[in-house]
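> Please work out how this folds:
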Amino acid sequence: MNIVKVKLSGDYALFNDITTPVERYTYPVPTFSAIKGCLESIYWKPEFEWQIISIQVLNEIKHQTLVRNEVLNQKVSLGKVFSGIINNRTQRSGRVLLNPEYIVTAKIVQKDHDQAYIHKHYEIFNRRLAKGQCFRQPYFGLKEFVCYFSAPDGNEKVHESLMGEIDLGVMLSSIEYDQRVKPRFSKAKMINGLVTLGN
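Down below sits the predicted model:
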């Protein structure tokens, strides 16, 4: 069966809850769209798209509040880059995750009806995963929160605090880009650290 498993980890993560527009506040677990972006950073072709099946949370969910400098106006002329950044910056606090670690289960969905090369994409992805190759560095929500990736070694354990069933409520599941940005939301739950989406 054409399924891949990828281990993702980092020092920090901020999977921004877009219902909190002022201060950045992370969901307790990754959004499926964020994880999809991580996989696309490792390997992507226009002929297919990644479908996230599940996310296994490994580490205990811990938070930390960070204060960051951000630029308010991104449209700064090249001749006034330094002064533009100085005049347009502001400080925003964010509630982030500490030491996130996940095992992602996903598959490749071919966009057209030709499945002849589907196995080739899996082989290429697995080679890139083994060598640590990527098109661009994956990150957990913000570019400074680097995401490290590898194949699971089979010795990973779920933290005891994640045992049981937790209703995560409504979470961002995907973002569609048509004539305008359309966020999609789904109900999510976590059972023994395993996150799945419902309707």
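> Do a quick rundown of the helices in the protein.
32-42, 81-88, 118-131 (DSSP state H).
> Buried deepest among these, which one?
Using mean count of other Cβ atoms under 10 Å, the stretch among these with the largest mean neighbour count is helix 32-42, at a mean of 21. Any C-beta I mention is one placed from the backbone N, CA and C, and that applies to glycine too.
> Can you list the low-confidence ranges for the protein?
1, 20-22, 71-88, 113-116, 198-199 (pLDDT under 70).
> what's the spacing between residue 10 and residue 38?
Per Cβ to Cβ, to the nearest Å, residue 10 is found 10 Å from residue 38.
> Need the residues touching each of those two.
139, 140, 147 (Cβ atoms under 8 Å, 6 or more residues apart in numbering).
> Which members of these are positioned in strands?
Assigned to strands by DSSP state E, none of these qualify.
> neighbour-wise, which of these leads?
When neighbours are taken as other Cβ atoms under 10 Å, the top entry among these is residue 140 (28 neighbours).
> That residue - nearest residue in space that isn't next to it in sequence?
residue 13 (3.4 Å; Cβ to Cβ, 6 or more residues apart in numbering).
> ok so, going back, the helices of the chain into CSV, with extra columns for distance to residue 59?
Below are those laid out as CSV (distance: least, Cβ to Cβ, whole Å):
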stretch, distance to residue 59
helix 32-42, 15
helix 81-88, 35
helix 118-131, 21
